[in-house]
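[1] coords please:
(chains A and B)
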Amino acid sequence: KQEVTQIPAALSVPEGENLVLNCSFTDSAIYNLQWFRQDPGKGLTSLLLIQSSQREQTSGRLNASLDKSSGRSTLYIAASQPGDSATYLCAVPRDGATNKLIFGTGTLLAVQP
Amino acid sequence: ETGVTQTPRHLVMGMTNKKSLKCEQHLGHNAMYWYKQSAKKPLELMFVYSLEERVENNSVPSRFSPECPNSSHLFLHLHTLQPEDSALYLCASSFHPTGSGNTIYFGEGSWLTVV
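    Next comes the predicted model:
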């Protein structure tokens, strides 16, 4: 059974720092991996989707990498800003090319001005 | 605006009430989902409707009943709920199958409190 874990559970950094969030999964036979952002009391916003054949994806100050063989993904945030404060979640499909997703518990990020 | 609209945003109901959550998507997707987010637990998939076929998580109690009258609308009917059902219920939509790079779009969620 696929399990997704995220560490750390919470992270507080000063503005301007570069940071890395970690996601690990137990079954490496994934079709893709997605990173999401969730603001307090709100829904999820997709940040990056990495296909299983890709090693990384970039969007602005965000870079996500995927290492299927080791069951790991990282989300790198460059030059963090207070507006980056949110919960970051990673998720993998339960089966095949679907959005029946298994989520990690998330990392709560606070960027201090 | 994500293109997925959920109503109501907040709902308080007694354990003997019957209520419904509504979701509407304006993205032309052919799959819709209900996810449940409880405190300190990962998001959990409850139901999926794709191509008019329903797929469900077998661990979801029968007091939750989904309805998908068409590809743009999704309901979650609630009856005789328990306090532990209090959570954020998130609706989402996407294309199915996802193909290459087709991500999922979430609504803002409906906060449910069962008293």
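[2] can you pull the residues of chain A lying near chain B?
    Within reach of chain B by C-beta under 8 Å from any C-beta of the partner chain, chain A has these residues: A:4, A:31-32, A:34, A:41-46, A:49, A:51, A:89, A:91, A:93-94, A:96-106. In this view, the C-beta of every residue, glycine as well, is placed from N, C-alpha and C.
[3] one more time with 7 Å
    Listed as neighbours of chain B in chain A under the rule C-beta under 7 Å from any C-beta of the partner chain: A:34, A:42-44, A:46, A:49, A:51, A:96-101, A:103-105.
[4] sec struct for the residue most central in space within chain B, please.
    Here the mean C-alpha position of chain B is nearest to the C-alpha of B:Trp34 (C-alpha atoms, centre = their mean), at a distance of 2.6 Å. Recorded secondary structure, B:Trp34: strand (DSSP: H, G, I helix; E, B strand; the rest coil).
[5] any of the residues of chain A next to chain B buried? List them.
    Those of the residues of chain A next to chain B that meet the buried threshold are A:34, A:42-44, A:46, A:49, A:51, A:97-101, A:103-105, by 16 or more other C-beta atoms under 10 Å in any protein chain shown.
[6] how close does A:Ala86 sit to A:Gly43?
    The spacing between A:Ala86 and A:Gly43, counted by C-beta to C-beta, to the nearest Å, is 12 Å.
[7] nope, B:Cys91 is what I meant
    8 Å.
[8] which SSE is residue 46 in?
    No chain in the question, so chain A it is. Element membership for A:Ser46 (DSSP states H and E) is strand A:44-51.
[9] wait, I meant chain B there
    Going by DSSP H and E, B:Met46 is part of strand B:44-50.
[10] quick one: strands adjacent to that strand?
    Paired strands of strand B:44-50, with direction, are strand B:31-37 (antiparallel), strand B:53-56 (antiparallel) (DSSP bridges).
[11] out of those strands, deepest packed?
    strand B:31-37 (a mean of 25; mean count of other C-beta atoms under 10 Å in any protein chain shown).
[12] can you list contacts of it?
    Residues external to strand B:31-37 that are found in contact with it (C-beta atoms under 7 Å, 6 or more residues apart in numbering or on different chains): A:99, B:23, B:25, B:43-50, B:66, B:68, B:74, B:76, B:87-96.
[13] that strand to strand A:44-51, inter-axis angle?
    Strand B:31-37 and strand A:44-51 are oriented at 110 degrees to each other (axes from the mean of the first three to the mean of the last three C-alpha atoms, to 10 degrees).
[14] give me the mean pLDDT for strand B:31-37.
    Mean per-residue pLDDT for strand B:31-37: 95.
[15] the closest residue to B:Cys68 other than its chain neighbours: how many residues sit nearby?
    Among residues not flanking B:Cys68 along the chain, B:Tyr49 sits closest, at 3.9 Å (C-beta to C-beta, 6 or more residues apart in numbering or on different chains). Neighbourhood size, B:Tyr49 [other C-beta atoms under 10 Å in any protein chain shown]: 24.
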